[in-house]
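Novice: Okay, structure incoming, though there's no sequence with it:
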């Protein structure tokens, strides 16, 4: 008996994630003012966090905010990376 092998389907990016969103003025101070797909926005945010050493040294899931990020995080000094995603989505216009 011959077995038929099928190639796994290539994963298509979710169109909603690829659609550019417009950062508001507060978020634009961190990632720039141009509309970006959510994936790119998250990447730029992480680049900023790493460049400025804002990831907590002991608890890697915590982000310690500087003045620019504090505005994005609603005045909080520290948020979890999961909470960060929720807070950032409040600063984009679809």
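Specialist: Thanks, I have the structure now. Values in this document were obtained by computation on a predicted structure and should not be read as measured data. Numbers count the residues shown, from 1 in each chain.

Novice: mind checking which helix or strand the residue nearest in space to the middle of the chain is in?
Specialist: By Cα atoms, centre = their mean, the chain has its centre lying nearest to residue 42, at 2.2 Å. Assigned by DSSP states H and E, residue 42 falls within helix 38-51.

Novice: residues of that helix that come out buried?
Specialist: Along helix 38-51, the positions that meet the burial threshold by neighbour count (16 or more other Cβ atoms under 10 Å) are 38, 40, 41, 42, 44, 45, 48, 49. C-beta: built from backbone N, CA, C; applies to glycine.

Novice: Also stretch 58-68?
Specialist: The neighbour-count check on stretch 58-68 (16+ other Cβ under 10 Å) flags 62, 63, 64, 65, 68 as buried.

Novice: Next, the contact list for the first one, please.
Specialist: Listed by Cβ atoms under 8 Å, 6 or more residues apart in numbering, the contact set of residue 62 reads 55, 56, 78, 79, 80, 81.

Novice: Mind checking which of those are in strands?
Specialist: Using DSSP state E, the subset of those located in strands is 78, 79, 80.

Novice: Quick check: mean pLDDT of the helix or strand containing residue 69?
Specialist: Using DSSP H and E, residue 69 sits in helix 67-72. What helix 67-72 shows for mean pLDDT is 96.

Novice: tell me what it is packed against?
Specialist: For helix 67-72, the packing partners by 3 or more Cβ pairs under 8 Å, 6 or more residues apart in numbering; DSSP states H and E come out as helix 25-31, helix 38-51.

Novice: Out of the buried residues of stretch 58-68, flag the one nearest to residue 74.
Specialist: residue 65 (9.8 Å; Cβ to Cβ).

Novice: Quick check: the closest residue to residue 77 other than its chain neighbours vs residue 18, distance?
Specialist: Once flanking residues are discounted, residue 77 sits nearest to residue 65: 5.8 Å by Cβ to Cβ, 6 or more residues apart in numbering. Distance, residue 65 to residue 18, using Cβ to Cβ, to the nearest Å: 28 Å.

Novice: Ok, residue 41 next?
Specialist: 11 Å.

Novice: do residue 78 as well
Specialist: Going from residue 78 to residue 18 by Cβ to Cβ gives 31 Å.
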